[in-house]
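Chemist: model this:
(one chain, ligands or ions: 1)
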Amino acid sequence: MSTEAQPLLSVRDLRVSFVLDEGLVRAVDGTSFDVMPGQVLGVVGESGCGKSVTMRAILQLIDRPGRITKGEIHFRRDSGVVDLVQLSPRGGEMRDIRGGEIALIPQEPMAAFSPVHTVGDQIVEAILLHSHRWQPDRKLSRSEARDITVGLFRDVGISMPEQRIYTYSWQLSGGLRQRAMIAMALSCKPRLLIADEPTTAIDVTTQAQVLALLRDLQARYNTAIIFITHDLGVIAQMASYVVVMYLGRVMEEGPVDDIFHAPKHPYTRALLRSIPSLYGQTRVALPVISGALPHPFNRPPGCPFHPRCPDVMERCSVAVPRLMPVGTSQLASCFLHHEEAEQA
Ligand SMILES: Nc1ncnc2c1ncn2[C@@H]1O[C@H](COP(=O)(O)OP(=O)(O)OP(=O)(O)O)[C@@H](O)[C@H]1O
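Modeler: All right, here's what the predicted structure looks like:
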């Protein structure tokens, strides 16, 4: 089989918990999904559903007292497939992968740049650290790394790149800082870019520009992107395939058109109804999902969505539905569509 048909990243039954004095937070509770080479995967769900923790687990950046308690994260390198969960978070191979082959665009780029070095210097250092991604046979010189940095600034639409590389992050506007962050993420030619709500901290006009830029860069470099957001409108613009998460589990996944036009899971339907321009002709008051997101210490038994679900059945509170194929292209974990349950 050609490697193109195989996933670049495969997350299997991932579980991440935080042990706190108040109790155990099961932030990620059996999540599985694949990312194909060059694919833009959208991960969507309400705040607190475990999107960021899943991504930090992929990068082995879970903060204490958090811990991966179960699961596998297979990542395809040139040398073969590695299970990232088995690598030491501070070891050489993980450091090579983190920032080199998998890069993160965080929600708030201000925190990602050091205020005491120019953004250009920080990108030059990153390029030198992963020099082999640009030049496998020899170490790049500092001036070559600087030229690459200027080129990256140009690629991400920063004007006067020769001058701008000498600025500090706090001297840049929010939009320029986010572009510089994207340049930083691209500086190691990653195979996989994780964009965690990358437009949260910027104004609406700049948001649209940054989304267009990411689409353009993805097409140009064929970089796979995991795009995390709570906004299905953004998913519609960016992603070809969607994973819908709720309380640390995948509720539904499928091609973007199918998810939008024929959602199978009641949670996906509820999320879609909360975008008036996409669902329903009249702009009546925003239909919100009934009930509140449960407190992380009080996870409901059975399907985590059952206390808020309009289609709840008796067994939903006692057994956890498996994520199973529904129709030809989607997967859903819902007893409306199948009977199979898994061990909680
Ligand atoms: N350092 C931490 N200590 C304790 N609990 C944490 C920690 N980080 C995350 N959590 C918990 O893990 C759960 C998932 O959080 P996560 O940040 O992944 O959600 P999210 O879907 O990315 O939300 P948002 O859209 O707000 O970023 C939440 O209940 C959160 O409170």
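
Chemist: what residues does the stretch 101-250 of the chain have near the ligand?
Modeler: Contact residues, the stretch 101-250 of the chain versus the ligand (Cβ under 6 Å from any ligand atom): H230. Any C-beta I mention is one placed from the backbone N, CA and C, and that applies to glycine too.

Chemist: where does the stretch 101-250 of the chain dip in pLDDT?
Modeler: 109, 201 (pLDDT under 70).

Chemist: break down it into its helices, ranges please.
Modeler: In the stretch 101-250 of the chain, the helices defined using DSSP state H, counting those that start in this stretch lie at 109-112, 119-129, 142-155, 161-164, 174-186, 204-221, 232-238.

Chemist: go through the last one and flag the buried ones.
Modeler: What that stands for is helix 232-238. 232, 234-238 (16 or more other Cβ atoms under 10 Å).

Chemist: that one packs against which elements?
Modeler: Applying 3 or more Cβ pairs under 8 Å, 6 or more residues apart in numbering; DSSP states H and E, we find helix 232-238 packed against strand 40-44, helix 204-221, strand 224-229, helix 256-261.

Chemist: let's have the helices of the stretch 101-250 of the chain in TSV, adding distance to P304.
Modeler: Below are the helices of the stretch 101-250 of the chain laid out as TSV (distance: least, Cβ to Cβ, whole Å):
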stretch	distance to P304
helix 109-112	30
helix 119-129	39
helix 142-155	41
helix 161-164	46
helix 174-186	32
helix 204-221	30
helix 232-238	19
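
Chemist: so which of the ones you listed comes closest to P255?
Modeler: helix 232-238 (11.7 Å; Cβ to Cβ).

Chemist: assign the residue in the stretch 201-344 of the chain that the ligand sits nearest to to helix, strand or coil.
Modeler: Relative to the ligand, the nearest point of the stretch 201-344 of the chain is P296 (3.7 Å; Cβ to the nearest ligand atom). Using DSSP: H, G, I helix; E, B strand; the rest coil, the structure places P296 in coil.

Chemist: so what's it up against?
Modeler: 25-27, 48 (Cβ atoms under 8 Å, 6 or more residues apart in numbering).

Chemist: same check on V85?
Modeler: V85 neighbours (Cβ under 8 Å, 6+ apart): 57, 68, 71-73.

Chemist: list of residues touching whichever strand or helix holds L271?
Modeler: L271 is part of helix 266-273, with elements assigned from DSSP states H and E. Outside helix 266-273, the residues that touch it by Cβ under 8 Å, 6+ apart are 44-46, 232, 244, 246, 251-252, 259-260, 263, 278-280, 287, 289, 305, 308-311, 334, 336.

Chemist: which residue is the nearest non-sequential neighbour of Y241?
Modeler: Leaving aside its sequence neighbours, Y241 sits nearest to L41 (Cβ to Cβ, 6 or more residues apart in numbering; 5.3 Å).

Chemist: do you know how far the one you found is from the ligand?
Modeler: 15 Å (Cβ to the nearest ligand atom, to the nearest Å).

Chemist: state the mean pLDDT of the helix holding L271.
Modeler: The average pLDDT within helix 266-273 is 90.

Chemist: what angle separates it from strand 40-44?
Modeler: Orientation check (axes from the mean of the first three to the mean of the last three Cα atoms, to 10 degrees): helix 266-273 against strand 40-44 gives 100 degrees.

Chemist: how far does helix 266-273 sit from the chain's center?
Modeler: Its chain's average C-alpha position is 20 Å from that of helix 266-273, according to Cα atoms, centre = their mean, to the nearest Å.

Chemist: stretch 303-319 now?
Modeler: For stretch 303-319, the distance to the chain centre is 27 Å (Cα atoms, centre = their mean).

Chemist: so which bits of that stretch are buried?
Modeler: Across stretch 303-319, burial judged by 16+ other Cβ under 10 Å covers 303-309, 312, 316, 319.

Chemist: dump the residues you listed to a markdown table, plus distance to the ligand.
Modeler: Conversion of those to a markdown table gives the following (distance: Cβ to the nearest ligand atom, whole Å):
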| residue | distance to the ligand |
| --- | --- |
| C303 | 18 |
| P304 | 12 |
| F305 | 15 |
| H306 | 18 |
| P307 | 16 |
| R308 | 16 |
| C309 | 19 |
| V312 | 22 |
| C316 | 21 |
| A319 | 23 |
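
Chemist: quick check, nearest of those to I102?
Modeler: Among these, P304 lies closest to I102 (Cβ to Cβ), at 27.9 Å.

Chemist: most tightly surrounded among the helices of the stretch 101-250 of the chain?
Modeler: helix 174-186 (a mean of 24; mean count of other Cβ atoms under 10 Å).

Chemist: for that helix, name the packing helices and strands.
Modeler: Against helix 174-186 (3+ Cβ pairs under 8 Å, 6+ apart) you get strand 102-105, helix 109-112, helix 119-129, helix 142-155, helix 204-221.

Chemist: what sits up against it?
Modeler: 103-106, 109-110, 112-113, 119, 122-123, 126, 149, 152-153, 155-158, 164, 169, 172, 193, 198-199, 201-203, 206, 209-210, 213-214, 217, 221, 223.

Chemist: understood, closing this out.
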